[in-house]
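Trainee: my questions concern the predicted model and sequence given below.
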Amino acid sequence: MVARVPESAARGSLTKCAPLAKLVWFKSGGTADWLFEPADLDDLRTFLSRLDPAVPVMPLGLGSNLIVRDGGVPGVVIRLGKPFSGCEIEDGNVVRAGGGTPGILAASSARDAGIAGLEFMRGIPGTVGGFVRMNGGAYGREVADVLVDCTVVMRNGDSMVLPAEALRYSYRHSELPDGAVVVSARFRGEPGDPEDIGAEMDRIAEAREQSQPLRTKTGGSTFKNPEGGKAWQYVDAAGCRGLTMGGAQVSEKHTNFLINTGDATSADIEGLGEEVRRRVRADSGVDLEWEIQRVGRP
């Protein structure tokens, strides 16, 4: 049964039974009971304040690190669009970025302002809201290294600023409350030369192109790196390179990536991931943890 929502409370776009496959990198999965794309911050706050507290809420960024199960997502999926995508430069080498800002835009804005230290965001395939929640990282740095604070809208519509310490970051994890939507974040870098910063961003882009299956329907890094090792090495050692299930395949280019070869269901993709975990556990005793989020009904 599709959840009831206060349609009159929304000024932005509110869509019932919205297909999500086109919004996620894997291009698979079911519908959202409701998809809400707020017109602005006040619209988001008003909508959440009037929404039945029993209705679940899930923020959605670029959909790059996500398996949406085939049965769809209950409640309301919130997608921050253009009104939440942009950057401002503040004193002290600080970049303020909207929650819907792609990582590449945040890194480019820092480069243009001569702020170094945020180049790694060029290598994170997601939005600021997503990688603040997940402590996203790449190429030796992570959000915990540079976050000053973030502004969130809570499930009841209240807005608050959380300092970085409040998120209690660990590897690819934060303690951001469930249902909280990151609407902006501030990152601190250091003075740098725009040309040098740009060169580092280009190096990161080239490294990703060479090592990752970027031109396929994929979801980014599938498993967290275990303590003292690399997930892809364990997957490779277990003989999983190129392994398939339905339309899903372990990438031959980078074995910590799953790809949709064309017509994979989300069940294919998740099932293949679980089979990889099983084989790695049998081969090395290592219990790989999912890095990709899996949401919704089977």
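Mentor: Thanks, I have it. Numbers count the residues shown, from 1 in each chain.
Trainee: avg pLDDT for the helix or strand encompassing residue 133?
Mentor: Counting by DSSP states H and E, the element that carries residue 133 is helix 128-134. For helix 128-134, the mean per-residue pLDDT is 95.
Trainee: tell me what it is packed against?
Mentor: Contacts defined by 3 or more CB pairs under 8 Å, 6 or more residues apart in numbering; DSSP states H and E place helix 128-134 against strand 57-60, helix 103-112, strand 181-188. Quick note: C-beta positions are derived from backbone N, CA and C, even for glycine.
Trainee: can you lay out the ones you listed as JSON lines showing mean neighbour count, mean pLDDT and distance to residue 15?
Mentor: Output for the helices and strands packed on helix 128-134, formatted as JSON lines (neighbours: other CB atoms under 10 Å; pLDDT from 0 to 100; distance: least, CB to CB, whole Å):
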{"stretch": "strand 57-60", "mean neighbour count": "22", "mean pLDDT": "94", "distance to residue 15": "13"}
{"stretch": "helix 103-112", "mean neighbour count": "22", "mean pLDDT": "97", "distance to residue 15": "25"}
{"stretch": "strand 181-188", "mean neighbour count": "24", "mean pLDDT": "98", "distance to residue 15": "17"}
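Trainee: now these in JSON lines, with distance to residue 32?
Mentor: Formatted as JSON lines, the helices and strands packed on helix 128-134 follow (distance: least, CB to CB, whole Å):
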{"stretch": "strand 57-60", "distance to residue 32": "8"}
{"stretch": "helix 103-112", "distance to residue 32": "24"}
{"stretch": "strand 181-188", "distance to residue 32": "15"}
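Trainee: ok, back up a step: what are the pairing partners of the next helix or strand after the helix holding residue 133, and which direction each?
Mentor: As assigned by DSSP H and E, the chain's next helix or strand after helix 128-134 is strand 137-138. Strand pairing for strand 137-138, using DSSP bridges, gives strand 141-142 (antiparallel).
Trainee: can you show me the helices along the chain?
Mentor: 41-50, 103-112, 128-134, 194-211, 231-237, 266-284 (DSSP state H).
Trainee: can I get the longest one as CSV, trimmed to CA atoms?
Mentor: Coordinates of each C-alpha in helix 266-284 appear next as CSV, following Å, rounded to 0.1, in the frame of the first residue of the first chain:
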residue,chain,number,x,y,z
SER,A,266,18.5,-5.7,-8.7
ALA,A,267,18.1,-9.2,-7.3
ASP,A,268,20.7,-10.4,-9.8
ILE,A,269,23.1,-7.7,-8.6
GLU,A,270,22.6,-8.2,-4.9
GLY,A,271,22.6,-11.9,-5.3
LEU,A,272,25.9,-11.8,-7.2
GLY,A,273,27.4,-9.7,-4.4
GLU,A,274,26.3,-12.2,-1.8
GLU,A,275,27.8,-15.0,-3.8
VAL,A,276,31.1,-13.1,-4.0
ARG,A,277,31.0,-12.7,-0.2
ARG,A,278,30.4,-16.4,0.2
ARG,A,279,33.3,-17.4,-2.0
VAL,A,280,35.7,-14.9,-0.4
ARG,A,281,34.7,-16.2,3.1
ALA,A,282,35.3,-19.7,1.9
ASP,A,283,38.6,-18.9,0.3
SER,A,284,40.2,-16.5,2.8
